[in-house]
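> Test case, fold it:
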Amino acid sequence: MSNLTCIDLFAGAGGLSEGLEEAGFHSLFASEIMPTYAQTYGHNHPNAEVCVSDIREVNPLDIRTRLGLETGELDLLAGGPPCQGFSINAPIRSKEDPRNHLFREYLRFVDEFKPRAVLIENVPGLVSFEKGATLHAILRALADLGYGADVHILGAPYYGVPQMRWRTIVLGLRGAVIPQSAWPEPVRHAPIRVNFATTFDGRQIVKRPSPETSAPFTTLREAIGDLPRLKNGERGTAVKDYQTKPQCEYQKLLRIGSTGVLNHEAAKLSEINMQRLKYIKQGGNWTDIPFELLPKGMKAARRSDHTKRYGRQSWDELASTVLTKCDPHWGAFFHPEQDRAFTVREAARIQSFPDHYVFFGSQAEQYAQVGNAVPPMLAAAVGTSLKSVLEA
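Have a look, this model is predicted:
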C-alpha cells in the first residue's frame, strides 16, 4: 500500500487528484476558487481538506502547519494554473493576462512545502506562448527552488482516454534531474493530429507510441454505449439503471464502485436545432444542414471551415475534445444515434471519470467542470510512472 501524499492546487472538480489517487497517492489538500467545483471535489475526495478561496489569499505556511507536515515531507505538489491565457485557442494571447502569472502562486507553495516532486499541467499552447518565455520562466523558477524539471506533451488517447486531447506536463524532482521514466510511455495507438508546437529548445517533446504499440484506442461506443437511452430534454430519475451489462474493459473499469448512472440528463435543444439534427448523419456536421436552416453567421462560411460544429459523432472513432459546453454550435456534441446532445455523464465518460464520481451545481456548471478537468486516466498514467521514480 502506497503512503505517498499529494496536494492539488487550481484543483477544479478533481480530475487530476482522481487519477493520482488511482495511482496510489493520497490527497491531503486542494485549493479551488469556484464553490461548486470545490463542492464536487470535496464530495469525491472526502479525506482531503478543500480550501474555497482565491489562491493569492492563501498562506502556504498556514496550510502546511494545519496539515502537520514538516518542510520537505510532502511527496507531490500538483496543479494546473488556469490555462486560457496560455491557450493557442484563446482570442488574445497576451502576457498581460493576469491568469498567465498564477503559476507564481503555485511556486509559493513549492517554496514553502519543498515537496519531493512537482507536477504542473497545462495546454499545449504553453510551450509556444511568448515564444517559450513563460515555460522557460517556470523551469528557471523551479531550478532556483532546487528542482530539476522538464516538459513533455502527452496525448490522452495514447493512455486509453477515448477522446482527442493533449496536455503539457511539467515534472520536477527536488535536488535531482527528473528522469525520462517519470513520463508514462504510450500504451495505445490513436489517429490524433497536432496543431501546436511540438519542439522545445530544439528537441521533440511529444510522447508518441512506439511502432510495437499495437493496442487500439478506446472508441466512443466503448466509452458510452452502455448508458441509458434518453430523448431530447429528458431528465428521468437521478440514478438510472445501466442499459446493458458492461460490454468492454473500459465500461467495467469505470463502473467499479458505481450504484447506477448519475448526472445523465439530456439538455433541451431548441426546436431549430432539432430540425437541423435530422439532417446530420453519423460523422457529419453543419455541412449536412440545408442552407435555409443554417445559423445566420454560418451561411457565409466555407464548407471546409468549422468542421466540428453541429457534428454528430461516430461510434467507432475517438470522441472530439470535450469542452466546457456540449453546445452544438461549439463542436461535435450530438449523440451518434439518439437525437440529442451528450449528457454530463457521457462527457464525463469521454473524460474517463469513473461512474461513482458525482458532479454538483447547475447542468451548465457540471458541463464546465467536466470540460475543464484533466482526464483521470491520463493523470493516473502520469502518477503511476512518477510513483515508480519516487519509490525507487
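
> Lowest-scoring secondary structure element of this structure by mean pLDDT?
The weakest-scoring helix or strand in the chain, judged by mean pLDDT, DSSP states H and E, is helix 133-144 (a mean of 87).

> The spatially closest residue to residue 307 that is not a sequence neighbour: neighbouring residues, count only.
In this structure, residue 307 finds its nearest non-sequential neighbour in residue 285, 5.6 Å apart by CB to CB, 6 or more residues apart in numbering. C-beta here means a position set from N, CA and C on the backbone, and glycine is covered the same way. Neighbourhood size, residue 285 [other CB atoms under 10 Å]: 21.

> Tell me which stretches of the protein form helices.
Listed in chain order, the helices of the chain (DSSP state H) span 15-22, 35-44, 60-67, 103-113, 133-144, 220-224, 249-255, 271-277, 344-351, 363-372, 376-390.

> hmm, back to that, residue 28 versus the residue nearest to residue 307, what's the distance?
45 Å (CB to CB, to the nearest Å).

> cool, residue 224 as well?
Taken as CB to CB, the span from residue 224 to residue 28 is 33 Å.

> Could you do residue 280 as well?
Taking CB to CB, one finds residue 280 at 47 Å from residue 28.

> about what we covered before: need the helices of the chain in JSON lines with mean neighbour count, can you?
Listed next are the helices of the chain as JSON lines, based on neighbours: other CB atoms under 10 Å:
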{"stretch": "helix 15-22", "mean neighbour count": "26"}
{"stretch": "helix 35-44", "mean neighbour count": "21"}
{"stretch": "helix 60-67", "mean neighbour count": "15"}
{"stretch": "helix 103-113", "mean neighbour count": "20"}
{"stretch": "helix 133-144", "mean neighbour count": "17"}
{"stretch": "helix 220-224", "mean neighbour count": "23"}
{"stretch": "helix 249-255", "mean neighbour count": "18"}
{"stretch": "helix 271-277", "mean neighbour count": "16"}
{"stretch": "helix 344-351", "mean neighbour count": "27"}
{"stretch": "helix 363-372", "mean neighbour count": "22"}
{"stretch": "helix 376-390", "mean neighbour count": "23"}
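
> I'd say residue 74 and residue 116 touch.
Yes - under the criterion of CB atoms under 8 Å, residue 74 makes contact with residue 116 at 7.2 Å.

> could you pull out the strands for the stretch 101-250 of the chain?
117-122, 147-155, 166-174, 199-200, 203-204 (DSSP state E, counting those that start in this stretch).

> just these: most buried one?
Compared across the strands of the stretch 101-250 of the chain, strand 117-122 shows the largest average neighbour count, a mean of 25 (mean count of other CB atoms under 10 Å).

> can you redo the strands of the stretch 101-250 of the chain as a markdown table with distance to residue 345 and mean pLDDT?
Below are the strands of the stretch 101-250 of the chain laid out as a markdown table (distance: least, CB to CB, whole Å; pLDDT from 0 to 100):
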| stretch | distance to residue 345 | mean pLDDT |
| --- | --- | --- |
| strand 117-122 | 24 | 96 |
| strand 147-155 | 24 | 97 |
| strand 166-174 | 22 | 96 |
| strand 199-200 | 37 | 94 |
| strand 203-204 | 37 | 94 |
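
> Turn these into TSV, including distance to residue 5.
Below are those laid out as TSV (distance: least, CB to CB, whole Å):
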stretch	distance to residue 5
strand 117-122	11
strand 147-155	17
strand 166-174	14
strand 199-200	30
strand 203-204	32
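
> wait, which of those strands is closest to residue 381?
Taking CB to CB, strand 147-155 is the member of these nearest to residue 381, at 7.8 Å.

> Show residues contacting that closest one.
If you take CB atoms under 8 Å, 6 or more residues apart in numbering as the criterion, strand 147-155 is touched by 110, 118, 124, 127, 135, 138-139, 142-143, 165-178, 180, 183-184, 186, 190, 192, 196, 198, 200, 205-207, 378, 381-382.
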